[in-house]
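**Q** Sequence plus predicted model, see below.
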Amino acid sequence: MITIRGLTLKLPEGKTVLDRIDAHLPQGRFVAVVGASGSGKSAFLRCLAMKDRWTSGEYLVDGEDILKAGALTRLKFRRKISYLEQRPILYEKKSALKNVLIGNVEQTPLWRRITGMVRNDDYMGAMDMLEQVGLLEHAHRQAEKLSGGERQRVAIARSLVHGARLLFADEPVSGLDPHSAEAMMATMKKLCADHGTTIVAALHRIELAEKFADEIWGLKDGRLAIQVSGRRLTAVERNGLS
Ligand SMILES: Nc1ncnc2c1ncn2[C@@H]1O[C@H](COP(=O)(O)OP(=O)(O)OP(=O)(O)O)[C@@H](O)[C@H]1O
């Protein structure tokens, strides 16, 4: 269980981007973060992924504040989390499988990186991940020949293959056609339900959040204005976010 207490992010010039956010993030949940442009969705995800330094607050992981923990505890936590960019960069000439295997590079000894030799375990792990994101049949297709949705799924597989259990995805379906966006949302939902991965994704489209996410967190001017679970937003809640 992860608990966020009083997460605040202030910019050096004084602007408050995130304002005393409190939330619980249980394992295996698919959380959609919605809100108007500029409400703080990206900043929120970047703070949760520990890419931006919190101005104040507590980030409790199984009861321990990870922001105050020792280097080893922080490192262990960082290994469990992954951050997916809006437009992930893939090695265009390499296959989907190779791209996923590259996710393991940081855990690969130098001599194997140089020789390009892949351990059987890594190969199986990458193929498992491709299967989980529904891309097994495209494992050997070059990245440049994949559709936008397929590329996003390669990126998800790559970000989870090294054992991350917690994925923060910034607008993972932006730029995808409606069908691919739905397929991507279904893939993320399945990763949470079947594999216990916890996913927090920023989304522009509330109807996608309502259809696929377990919880919807609504940001308004850097504050967590709405937290709903298992239901659609009311008209008042929707209007309040815009
Ligand atoms: N490093 C920064 N420097 C200046 N302003 C920033 C910085 N980071 C965030 N902001 C400001 O903080 C607010 C929140 O930005 P953020 O990108 O998190 O919003 P968002 O909800 O993700 O928006 P969008 O949906 O347009 O991507 C915005 O007003 C933005 O301009």
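**A** That came through fine.

**Q** can you give me the helices for the protein?
**A** Using DSSP state H, the helices assigned to the chain run over residues 41-48, 71-80, 96-102, 110-115, 120-132, 148-160, 178-195, 206-212, 235-241.

**Q** Which of the ones you listed sits closest to the ligand?
**A** Proximity to the ligand (CB to the nearest ligand atom) singles out helix 41-48 among these, at 3.4 Å. To be clear about C-beta, it is placed using only N, CA and C from the backbone, and glycine gets the same treatment.

**Q** For the closest one, name the packing helices and strands.
**A** If you count contacts as 3 or more CB pairs under 8 Å, 6 or more residues apart in numbering; DSSP states H and E, helix 41-48 packs onto strand 2-10, strand 16-25, strand 30-35, strand 81-84, strand 166-170, strand 198-202.

**Q** hey, least reliable of those by pLDDT?
**A** The weakest mean pLDDT among those belongs to strand 81-84, with a mean of 91.

**Q** quick check, that one touching the ligand?
**A** No - using CB under 6 Å from any ligand atom, we find that strand 81-84 stays clear of the ligand, coming within 13.7 Å at best.

**Q** what's that strand in contact with?
**A** Identification of contacts with strand 81-84 by CB atoms under 8 Å, 6 or more residues apart in numbering yields 45-46, 48-51, 152, 155-156, 159-160, 162, 164-170, 172.

**Q** rerun that using 10 Å as the cut-off
**A** Outside strand 81-84, the residues that touch it by CB atoms under 10 Å, 6 or more residues apart in numbering are 2, 45-46, 48-51, 61, 66, 103, 152, 155-156, 158-172, 188, 197-199, 201.

**Q** can you list the residues of this structure near the ligand?
**A** Counting by CB under 6 Å from any ligand atom, the chain sits next to the ligand at 11, 17, 35, 37-43.

**Q** okay, and the helix or strand of this protein with the least pLDDT?
**A** Using mean pLDDT, DSSP states H and E, the weakest-scoring helix or strand in the chain turns out to be helix 110-115, at a mean of 60.

**Q** Low-confidence bits of this protein, can you list those?
**A** 103-118 (pLDDT under 70).

**Q** What separation is there between the residue nearest to Met127 when sequence neighbours are not counted and Phe77?
**A** Setting aside the residues directly before and after it, Met127 is nearest to Ala139 in space (CB to CB, 6 or more residues apart in numbering), at 6.4 Å. Here the criterion is CB to CB, to the nearest Å. By it, Ala139 lies 31 Å from Phe77.

**Q** Equivalent analysis for Ile226, please.
**A** Here the criterion is CB to CB. By it, Ile226 lies 27 Å from Phe77.

**Q** Give the buried subset of the residues of the chain next to the ligand as a PyMOL selection command.
**A** The buried subset of the residues of the chain next to the ligand, as determined by 16 or more other CB atoms under 10 Å, is captured in PyMOL by this line:
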select buried, resi 17+35+39+40+41+42+43
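
**Q** how many neighbours does Asp62 have?
**A** 9 (other CB atoms under 10 Å).

**Q** isn't Asp52 right next to Leu67, touching?
**A** No - applying CB atoms under 10 Å, one finds Asp52 not in contact with Leu67, separated by 11.9 Å.

**Q** Great, nothing more from me.
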